[in-house]
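Trainee: Test case, fold it:
(one chain, ligands or ions: 1)
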Amino acid sequence: MSLDAIKFDKTDPRKASVNVLDQLLLPYVTKYISIHTIDDGYRVIKTMQVRGAPAIAIVGSLSILMEVQLIQTESYSKSQWFYDLSNWEGVRTRLLERLEYLLSSRPTAVNLFNSIKNIRIVLSKADNLKDLGTKLFDYVCNLMNEDLTNNVKMGDNGAKHLLNSLMEENFNENFAVLTICNTGSLATSGYGTALGVIRSLWKDAQSKTVDKVLYKKLKLCDSKAKMTHVFPLETRPYNQGSRLTAYELVHDLIPATLITDSSIAYRIQTSEIPVKAAFVGADRIVRNGDTANKIGTYQLAIVCKQFGIKFFVVAPKTTIDNVTENGNGIIVEQRNPNEFRLVSGTVIDPRTELPMLDSITKEPIQGKVGIAPPSVQVWNPSFDVTPHELIDGIITEDGVFTKDATGNFNLDKLFE
Ligand SMILES: CSC[C@@H](O)[C@@H](O)C(=O)COP(=O)(O)O
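Mentor: Okay, here's the model as predicted:
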């Protein structure tokens with residue numbers, strides 16, 4: 001069973017519906033939130049109920065489709081004044097304002113920016129509201145399908161690249177990999193980016209161990225090396241690694257051991273299974289290859305360099321910012337200080353170690369625990385920027401980009 005983070009029912013294109021998994025409640029509670037308007041999209045993105053660069057773009061785009069569908073309903077047109085539906089130019093102008101508002105929800109991740117840029121073009125070509133609804137519907141279906149297809153391609157491209165390079169260095173053993181944040185099915189339309197590569201490596205390892213006939217088709221290359229373990233970082237302060245990546249790895253039965261963000265170096269140094277690579281996602285890759293990703297990624301890259309471990313960024317072309325020249329031009333969003341001063345999660349009964357249930361709703365109780373003086377100043381950037389010097393390869397649906405002899409990426413193909 002795959003993890004369904006975004007449920008888009010498109011059976012009837014004029015009455016489509018969107019429900020998204022509330023990721024703040026995982027791993028203990030599975031609850032979906034209905035999206036009807038751009039405000040709903042803004043809210044779930046801003047509060048991190050939905051997160052991960054590709055998922056943000058998909059849910060943002062779906063919220064625009066839902067709002068356009070809503071304002072076409074009879075009850076809306078009779079009771080609301082927010083859009084002047086008698087004037088198509090006025091509707092267009094209002095929608096452009098709404099797109100700007102949506103864009104301000106999570107500014108560092110570039111995928112939403114790229115999607116909104118495309119939706120502005122769709123809007124400029126639409127003749128009326130109905131036409132816009134149809135064109136937007138096609139755009140969103142295509143965005144979701146392409147994301148899923150590209151993730152599987154990226155996964156296989158990255159896994160093959162690593163296995164071939166291990167074959168070249170004559171490494172034929174079992175190995176482990178590191179990853180940070182959540183880049184899996186919960187952050188995309190499915191399969192994932194960095195976690196997609198890990199899924200492909202695991203498929204390959206299965207093909208070499210379990211039922212060789214059954215799994216023969218899945219084998220990616222002739223290398224005898226096998227990924228047999230994953231070390232996901234917990235990823236403070238929001239814990240996307242422990243709440244979400246660990247959840248996906250357990251779900252897929254991929255052997256994994258969760259580690260704290262501060263134990264990377266010691267884990268690498270003491271691991272019985274050699275750690276051979278780190279795979280991370282991206283929220284924005286600029287022209288020279290510098291990459292914004294979850295806070296802690298830069299530090300992971302530095303530690304990998306120290307140990308000679310390959311460090312790969314895995315992202316679809318929708319994560320490329322083809323305007324910004326280098327990482328100095330990336331503006332990193334600051335998050336609410338209380339996301340750091342307080343830990344949020346499901347309340348656990350200390351005696352039974354099971355979630356405590358609300359006496360009326362019988363649902364697990366959500367709570368916050370203070371872990372810092374309420375008045376202490378905190379610095380809470382959501383992302384950091386890893387310089388391209390520390391990145392060994394950028395894995396995309398179009399292949400794996402490595403650096404030339406001068407140490408530079410040539411990403412022109414990605415900017416077309
Ligand atoms: C496929 S997701 C890529 C990135 O968006 C991911 O690695 C990441 O940093 C997500 O951060 P988040 O703050 O949880 O949205």
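Trainee: where's residue 20, which helix or strand?
Mentor: strand 17-21 (DSSP states H and E).
Trainee: Could you look up the SS state of residue 385?
Mentor: strand (DSSP: H, G, I helix; E, B strand; the rest coil).
Trainee: Can you tell me how far the residue lying closest to it once chain neighbours are set aside is from residue 157?
Mentor: Sequence neighbours aside, residue 327 is the residue nearest to residue 385 in space, at 4.0 Å (criterion: Cβ to Cβ, 6 or more residues apart in numbering). All C-beta spots, glycine's among them, are computed from the backbone N, C-alpha and C. According to Cβ to Cβ, to the nearest Å, residue 327 and residue 157 sit 24 Å apart.
Trainee: Please apply the same query to residue 346.
Mentor: Distance from residue 346 to residue 157, by Cβ to Cβ: 37 Å.
Trainee: Which one's more surrounded, those two?
Mentor: Set side by side, residue 346 and residue 157 show more neighbours around residue 157, with 23 against 18, by other Cβ atoms under 10 Å.
Trainee: tilt between the helix or strand encompassing the more buried one and strand 17-21?
Mentor: Residue 157 is located in helix 129-168, with elements delineated by DSSP H and E. Per axes from the mean of the first three to the mean of the last three Cα atoms, to 10 degrees, the angle that helix 129-168 makes with strand 17-21 is 40 degrees.
Trainee: Could you check the pLDDT of residue 79?
Mentor: At residue 79, the model reports a pLDDT of 69.
Trainee: thinking again about what came up before, does the residue nearest to residue 385 really touch residue 286, like I thought?
Mentor: Yes - using Cβ atoms under 8 Å, residue 327 is in contact with residue 286, at 6.2 Å.
Trainee: What degree of burial does the residue of the stretch 201-350 of the chain found nearest the ligand show, as a neighbour count?
Mentor: Residue of the stretch 201-350 of the chain nearest the ligand, by Cβ to the nearest ligand atom: residue 281 (2.7 Å). Counted by other Cβ under 10 Å, the residues lying close to residue 281 total 29.
Trainee: That one touches residue 312, doesn't it?
Mentor: No - the pair residue 281 / residue 312 is not scored as a contact, 10.3 Å apart, by Cβ under 8 Å.
Trainee: Could you chop this structure up by domain?
Mentor: Listed domain ranges for the chain are 6-146, 153-334+380-415, 338-370 (source: automatic domain parsing).
Trainee: Roughly how far does residue 112 sit from residue 98?
Mentor: The value you get for residue 112 to residue 98, if Cβ to Cβ is used, is 13 Å.
Trainee: I meant to write residue 238 there.
Mentor: On the measure of Cβ to Cβ, residue 238 and residue 98 end up 27 Å apart.
Trainee: The two: who's more crowded?
Mentor: Comparing residue 238 with residue 98 by neighbour count (other Cβ under 10 Å), the higher total belongs to residue 238, at 25 against 21.
Trainee: And that one, what's its pLDDT?
Mentor: 92.
Trainee: does it sit in a helix, a strand or a coil?
Mentor: Going by three-state DSSP: residue 238 is coil.
Trainee: who are the neighbours in contact with it?
Mentor: By Cβ atoms under 8 Å, 6 or more residues apart in numbering, the contact list for residue 238 reads 48, 51, 339.
Trainee: show me which of those neighbour the ligand.
Mentor: The subset of these lying close to the ligand, counting by Cβ under 6 Å from any ligand atom, consists of residue 51.
Trainee: Put together JSON lines for the contacts of residue 238, with secondary structure on each row.
Mentor: Below are the contacts of residue 238 laid out as JSON lines (three-state DSSP):
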{"residue": "48", "secondary structure": "coil"}
{"residue": "51", "secondary structure": "coil"}
{"residue": "339", "secondary structure": "helix"}
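Trainee: picking that back up, mean neighbour count, the domains of the chain: which tops it?
Mentor: Highest mean neighbour count of the domains of the chain: domain 153-334+380-415, a mean of 20 (counted as mean count of other Cβ atoms under 10 Å).
Trainee: Endpoints of that one, how far apart?
Mentor: From its first residue to its last, domain 153-334+380-415 covers 19 Å (Cα to Cα, to the nearest Å).
Trainee: and if you look at stretch 337-350?
Mentor: OK, stretch 337-350 end separation, Cα to Cα: 28 Å.
Trainee: again with stretch 188-195
Mentor: Across stretch 188-195, first to last residue, Cα to Cα, it's 10 Å.
Trainee: quick one, what contacts residue 367?
Mentor: By Cβ under 8 Å, 6+ apart, residue 367 lies in contact with 344, 345, 346, 347.
Trainee: ok so, going back, how close does the residue nearest to residue 385 sit to residue 306?
Mentor: 21 Å.
Trainee: Now residue 334: phi and psi?
Mentor: For residue 334, the backbone dihedrals (degrees, to the nearest 10) come out as phi -100, psi 140.
Trainee: which residues touch it?
Mentor: By Cβ under 8 Å, 6+ apart, the contact set of residue 334 is 379, 380, 381, 382.
Trainee: immediately after the one helix or strand in the chain whose mean pLDDT sits lowest, which helix or strand?
Mentor: Sorting the helices and strands of the chain by mean pLDDT, DSSP states H and E puts helix 212-215 at the bottom, at a mean of 64. Tracing the chain C-terminally past helix 212-215 and defining elements by DSSP H and E, one meets strand 226-232 next.
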